[in-house]
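>>> Give me coordinates for this.
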Amino acid sequence: MKQKIYHIIIFLLFWFCGVAYSQNPKADILQQDLSGLFDNLSMIGILGEDCSRIDIHITEVRKMDSREYEIKGISRTRLSVICPFKGKVCVDSILPVPK
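Purely as a prediction, here's the structure:
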C-alpha cells in the first residue's frame with residue numbers, strides 16, 4: 001500500500017514541477033526548492049485492483065539535498081483506515097508538459 005502511495009506522489013511531483021516551471025526551461029530546476037509545491041497538499045488516488053479511493057494529505061516536506069525531499073503525511077482509505085506515512089522522493093529530471 002505504501003509503495004503505491006509513493007508512486008502516486010512521484011507522478012504528481014513530476015506533473016506539478018512541469019507545470020510550475022515550464023515557462024523558464026533554462027532554469028536549473030533541481031537547484032530550486034520545490035517543497036512549497038507539496039506542503040499541505042491533499043490529493044485523491046486509486047488503490048489496488050478494486051480501484052478503491054485513497055485520500056492523501058502531505059503535512060511536511062523538507063528538501064534534503066538537490067534531488068531528495070523528505071515527506072510526511074497521512075492517508076485514508078474508503079474504510080476510514082488512517083495511516084501516517086513518511087518517505088523520500090528523489091527527483092531525477094523534470095520535463096515540460098506539452099501544450
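>>> going forward, measure contacts between C-alpha atoms and count neighbours the same way
OK.
>>> So for residue 71, what's the pLDDT?
With respect to pLDDT, residue 71 scores 91.
>>> likewise the one 10 residues further on?
On the pLDDT scale, residue 81 is placed at 85.
>>> Please apply the same query to residue 10.
Looking at residue 10, the pLDDT reads 71.
>>> Then it would be within a helix, right?
Yes - judged by DSSP: H, G, I helix; E, B strand; the rest coil, residue 10 forms part of a helix.
>>> Can you get me a residue count around it?
16 (other Cα atoms under 10 Å).
>>> Measure how buried the residue lying closest to it once chain neighbours are set aside is and give me the count.
Closest residue to residue 10 in three dimensions, ignoring its sequence neighbours and counting by Cα to Cα, 6 or more residues apart in numbering: residue 89, at 6.7 Å. Around residue 89 there are 18 other residues, counting by other Cα under 10 Å.
>>> where does this structure dip in pLDDT?
Residues of the chain that meet the criterion pLDDT under 70 lie in 1-4, 6-7, 12-29.
>>> now the strands: where do they sit in it?
41-47, 52-63, 68-77, 82-90 (DSSP state E).
>>> so can I have TSV of these showing distance to residue 34?
Shown next, in TSV, are those (distance: least, Cα to Cα, whole Å):
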stretch	distance to residue 34
strand 41-47	13
strand 52-63	8
strand 68-77	9
strand 82-90	12
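>>> So which of those strands is nearest residue 35?
strand 52-63 (5.5 Å; Cα to Cα).
>>> Please tell me how far residue 39 sits from residue 72.
9 Å (Cα to Cα, to the nearest Å).
>>> what touches both of the two?
Common neighbours of residue 39 and residue 72 (criterion: Cα atoms under 8 Å, 6 or more residues apart in numbering): 58, 59, 60, 61.
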